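Chemist: From the sequence below, what's the structure:
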Amino acid sequence: MPLTQRLVAELIGTFWLVFGGCGSAVLAAAFPEVGIGLLGVSLAFGLTVLTMAYAVGHISGGHFNPAVTIGLWAGGRFPAKDILPYIVAQVVGAVIAAFILLHIASGAPGFELGPTGLAVNGVGEHSPGHYTLGAGIVIEIVLTFGFLFVIMGSTDTRAPAGFAPIAIGLALTLIHLISIPVTNTSVNPARSTGPALLVGGLALHQLWVFWVAPIIGGLLGGFVYRAVAGVPPVR
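Modeler: Have a look, this model is predicted:
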């Protein structure tokens, strides 16, 4: 597919991920009496990836995540020349989603955009469970590594065809079930950037964590899968 079409697909897919995942946390998780809770938010993130992978995966590959794009390059599945355009499209989609989500959330009586609003990621005092910076970095690396390993394996031509989005969506659900208490779960620099840009403050100061750690995890996941499975590099 032409690059322009692939970038639009990545923008839309990342928009859907941030709007659906973060939207479930902001609009539905704490709703009195019927809040969906941690399980519901985790499932929402998984469903966003699953649905968009089926919708536009055949157009762009369905990355929706800079760490995935870089990890797929490390795994020999993606050309280096397209990394930056993909990341830009993903971040733009995330920022648009955050703006729209803020507009909707501000329609509720008494809404205030606090330092942990819009489901921002954080460590220390911004961690839901007040986990340390070190704990946050380690869990983001480990879980992004696992995410890339699942993506690489489920989309391998030797794997059963047609089931990759299900495996990837369930993997992201599992990742959120594990790490929401630690960092509010990133494993995706674009997902972290959209809300952080609007919230500002400490969320923006800590944003580097949610770029560096997921990218390290993505690189490790791609390199290790290629070593295990023998995937040839993209030229």
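Chemist: From now on I want contacts and neighbour counts done on CA atoms only, so please keep to that.
Modeler: OK.
Chemist: Excluding chain neighbours, what is closest to the residue nearest to the spatial centre of the chain?
Modeler: Taking C-alpha atoms, centre = their mean, the centroid of the chain lies closest to N188, which sits 3.4 Å from it. In space, and not counting its chain neighbours, N188 is closest to N65: 5.3 Å by C-alpha to C-alpha, 6 or more residues apart in numbering.
Chemist: what's that neighbour sitting at in phi/psi?
Modeler: For N65, the backbone dihedrals are phi -170, psi 120 (criterion: degrees, to the nearest 10).
Chemist: Pretty sure T193 is one of the things it touches, is it not?
Modeler: No. If you go by C-alpha atoms under 8 Å, N65 and T193 don't touch, sitting 11.0 Å apart.
Chemist: so which strand or helix has L172?
Modeler: Using DSSP states H and E, L172 sits in helix 164-183.
Chemist: going on from that helix, what's the next piece of helix or strand?
Modeler: Taking DSSP H and E, what comes next after helix 164-183 is helix 189-199.
Chemist: So which other helices or strands are in contact with that next one?
Modeler: helix 3-23, helix 66-74, helix 83-105, helix 201-205, helix 209-229 (3 or more C-alpha pairs under 8 Å, 6 or more residues apart in numbering; DSSP states H and E).
Chemist: One more pass at 7 Å, please.
Modeler: helix 66-74, helix 83-105, helix 201-205, helix 209-229 (3 or more C-alpha pairs under 7 Å, 6 or more residues apart in numbering; DSSP states H and E).
Chemist: so L43 makes contact with L174?
Modeler: No. L43 lies out of contact with L174 (C-alpha atoms under 7 Å); the separation is 8.4 Å.
Chemist: residues contacting the residue nearest to F15 when sequence neighbours are not counted?
Modeler: In space, and not counting its chain neighbours, F15 is closest to G93: 4.4 Å by C-alpha to C-alpha, 6+ apart. By C-alpha atoms under 7 Å, 6 or more residues apart in numbering, the contact set of G93 is L11, I12, T14, F15.
Chemist: low-scoring stretches of this structure, by residue?
Modeler: Low-confidence segments of the chain (pLDDT under 70): 32-34, 231-235.
Chemist: Would you mind measuring the gap between the ends of stretch 196-207?
Modeler: Separation of the first and last residues of stretch 196-207 by C-alpha to C-alpha, to the nearest Å is 7 Å.
Chemist: Buried residues of it, list them for me.
Modeler: A196, L197, L198, V199, G200, A203, L204, Q206, L207 (16 or more other C-alpha atoms under 10 Å).
Chemist: how far away is the fifth one from I87?
Modeler: If I follow you right, that is G200. 21 Å.
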